[in-house]
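S.K.: what follows is a predicted structure for the sequence shown.
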Amino acid sequence: TEAVVSTQSTGSNQESLQKIAQKIQETLKAETVSICLALENGEIVKYAAAAGKYAQQMQGLSSPSATSGLSGEAFKSTGPLLVSTTLGDPRVRQDYAQAWGIKTAMAIPLNYQGQLIGALMILNRIDGGSFDSSDEKILCGLAAEVTPEIAQFVEK
């Protein structure tokens, strides 16, 4: 079965996803957070909501997961991805990392009832430090908490 974004009450869906992104951003003290939805069985990444410095540039974009960098890598992953240093890391789109000054990043796939529905992508710490294993644990807890909420906006 293919996951597609629900078209019902799009404005309130967007607002709800935006609030989830903001909550994650505040909790992880991140520069930018994106909620990515998996479309066409994970072949397409849809940046459905974002919060922080690069939210406007990301929100609403879609790209093939194979070329989308860390979010696409998260779609293929069974757990969280921690990138302490983005420079030269093949999981990260180096063009965006350089253009946006992304130094550290995390992502985690979102699976609901055995189906990939998306991923969370977190870029840069506000304090300039690198994400570490304690941030990764917090991300895992947040993902478990918000996945059922995000699943409400995805139809099977």
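M.R.: Here it is on my side, so go on.
S.K.: for residue 93, list the residues it contacts.
M.R.: Counting by C-beta atoms under 8 Å, 6 or more residues apart in numbering, residue 93 touches 67-70. (Each C-beta comes from the backbone N, C-alpha and C, glycine too.)
S.K.: got the buried residues for stretch 87-99?
M.R.: For stretch 87-99, the neighbour count (16 or more other C-beta atoms under 10 Å) marks 89, 91-93, 96-97 as buried.
S.K.: any weak-confidence spans in the protein?
M.R.: Low-confidence segments of the chain (pLDDT under 70): 1-11, 155-156.
S.K.: break down it into its strands, ranges please.
M.R.: Using DSSP state E, the strands found in the chain span residues 4-5, 30-39, 44-52, 62-64, 81-83, 105-112, 115-125, 154-155.
S.K.: out of those, which gets nearest to residue 131?
M.R.: strand 105-112 (5.1 Å; C-beta to C-beta).
S.K.: list the neighbouring strands of that closest one plus their orientation.
M.R.: strand 81-83 (antiparallel), strand 115-125 (antiparallel) (DSSP bridges).
S.K.: between the ones you listed, which one is nearest to residue 47?
M.R.: Proximity to residue 47 (C-beta to C-beta) singles out strand 115-125 among these, at 8.4 Å.
S.K.: need the winner for burial among the strands paired with strand 105-112.
M.R.: Of all the strands paired with strand 105-112, strand 115-125 carries the top mean neighbour count, a mean of 25, counting by mean count of other C-beta atoms under 10 Å.
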